[in-house]
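S.K.: Here is a sequence together with a model predicted from it:
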Amino acid sequence: MYDFTVSRFIRLVLLLLAFGAMASPALAAKAKVKAVQAMGQTILVMPLADGVGLNDAAESLKQRANTLNFKLVGELPLSEQVAAMTGKPQKRITIYQFCDPMTAKEMVSANIVFAAFLPCRIALVEDQDGKGKLVMMGLDSLIKAAKLSPKLKPLAVDIRNKLMDIMAAGANGDL
């Protein structure tokens, strides 16, 4: 079903937890990341910790992003739109779009194709059991495939680390 080996999965999880630990050891220790392959991309799925509500997770995402100087440039409440169109309540699906404008400008200036990956997205999704999960595209394969210059690679790694920190804060309800 998924296109990944167990050893690759374990390496990825350990790498993500290690980077998370560098950004915030307490958050990384509590975060549970699952990496899956979907449509040729690594997708990171992080369940909300027990006792963390969807609204708490959303607030924590925004606050941590602000602390890390990431701008919330978009919030797409898809489930609200579907509910308005169907007249029926929906499980929550909200996509948050974050951006570090200065780094984004440098990446796009170096190669216009990076504009297709902007802004960075983290989705807050309520599953069929009513449990919240945060979902984001894994950036490691993109960073590796892009063959970034020595100037841009550390910027991309920093973006990845900060996004993981934002996800962990949201999953754990840390304000």
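M.R.: Thanks, I have the structure now. Numbers count the residues shown, from 1 in each chain.
S.K.: which residue ranges form the helices in the protein?
M.R.: According to DSSP state H, the chain carries its helices in the segments 6-23, 25-30, 54-67, 78-86, 101-110, 140-146, 152-172.
S.K.: Show me the one of the ones you listed that comes nearest residue 45.
M.R.: Nearest to residue 45 among those is helix 152-172 (9.8 Å), distances taken as Cβ to Cβ. Heads up, the C-betas are built off the backbone N, CA and C, glycines and all.
S.K.: which helices and strands sit right next to the closest one?
M.R.: Judged by 3 or more Cβ pairs under 8 Å, 6 or more residues apart in numbering; DSSP states H and E, helix 152-172 is in contact with helix 6-23, helix 25-30, strand 41-47, helix 54-67, helix 101-110, strand 120-126, strand 132-137, helix 140-146.
S.K.: buried set for that helix?
M.R.: Neighbour-count burial for helix 152-172 flags 152, 155-156, 159-172 (criterion: 16 or more other Cβ atoms under 10 Å).
S.K.: Backbone dihedrals for residue 128, please?
M.R.: For residue 128, the backbone dihedrals (degrees, to the nearest 10) come out as phi -60, psi -20.
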